[in-house]
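Chemist: Take a look and give me a structure for this.
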Amino acid sequence: MRAKRSLGQNFLARSVYPKRIVEAVSPRTGETIIEIGPGQGALTGLLVESGAQIIAIELDRDLVGHLSELFAGYTNLLLIEADALDVDFCQLIAPATTSRVVANLPYYVSTPILQHLLRQRGCMGEMTLMLQREVVDRMTAHPGGKEYGYLSALVQFYCETEKLFDVPPGAFRPTPKVYSSVARLRVRPVVEDEKLFLELIKVLFAQRRKTILNNLRAGRNQLRLRDESQITHTLDESLIDPQRRAETLSIEEIARLAKGIQREHEATGVGEYNK
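Modeler: Numbers count the residues shown, from 1 in each chain. Here you go, the predicted structure:
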């Protein structure tokens, strides 16, 4: 099966790396695992042999036919021809209520699929994802580093993140020009002030070179803050220096600021932002 450039396909070759990925997942007999983009089946074969219930989602009709023949003898594999961006994962796994995700995501669509997964995290306990190395570095970055930004805050708000290992270009066919990395995302419990937090990180990271105060000034209307005095009071109550930059803020500090803004809304009769 030849890779289709239009779908951004780079197939994981049968080498040491599929085994390392599946060992990191450590699938258990009977549990539900969703595989996004099985490709030529390098991961799929190892996953089905574990005894887990595998749901593999593949966009390429030709590959679905190929995989159907390749794994015809397995009863614990369900192959679905679909675009992962259109799939309701929680409905897909029913009657199971929780699952884990394994995916080798095409570079060009990795961030949209990641955001789609985060929106449906309620039925996912963990995700093991292979993405472009630069994306994983941003997802797992710590405050204060040059890689830390909007994507870091977004993913870390929802998940505990861990970079596992790099995968060289030679592990794929055709060979890409960049390295990949495998990351593990463990979904955190349901959080409060979600809508406000998401709007806040958009405002904070809108212009990285500006201070927190200046970005909050520019995004005042988005956050329903009345004037600069309300902004400075909220920063003071949240114990955050207005002259810092967003890239220095931890997730806990951003969450604390979001709660401070919510208190200002309640005090001034704006109401709950999340409604």
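Chemist: What is the burial count for residue 44?
Modeler: Look at residue 44: counted by other Cβ atoms under 10 Å, it has 24 neighbours. The C-beta positions use only the backbone N, C-alpha and C, and glycine is treated the same way.
Chemist: I figured it was touching residue 71, is that so?
Modeler: Yes: with contact defined as Cβ atoms under 8 Å, residue 44 and residue 71 form a contacting pair (6.6 Å).
Chemist: any common contacting residues for those two?
Modeler: residue 77 (Cβ atoms under 8 Å, 6 or more residues apart in numbering).
Chemist: Quick one: mean pLDDT over the top helix by length along the chain.
Modeler: Looking across the chain with DSSP state H, the single longest helix is helix 251-268. For helix 251-268, mean pLDDT is 91.
Chemist: List the contacts of it.
Modeler: Here helix 251-268 has contacts from 153, 156-157, 191-193, 196-197, 200-201, 204, 223-226, 230, 233-235, 237-240, 249, 270-273, using Cβ under 8 Å, 6+ apart.
Chemist: For PyMOL, write the selection for the buried entries among these.
Modeler: Buried members of those, defined by 16 or more other Cβ atoms under 10 Å, are picked up in PyMOL with:
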select buried, resi 153+156+157+193+196+197+200+201+204+223+224+225+230+234+235+238+240+249+273
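Chemist: hey, what's residue 159 bridged with?
Modeler: According to DSSP bridges, the partner residues bridging residue 159 are residue 187.
Chemist: Which stretches in the stretch 1-150 of the chain count as strands?
Modeler: 11-12, 32-36, 53-58, 77-81, 99-104, 124-132 (DSSP state E, counting those that start in this stretch).
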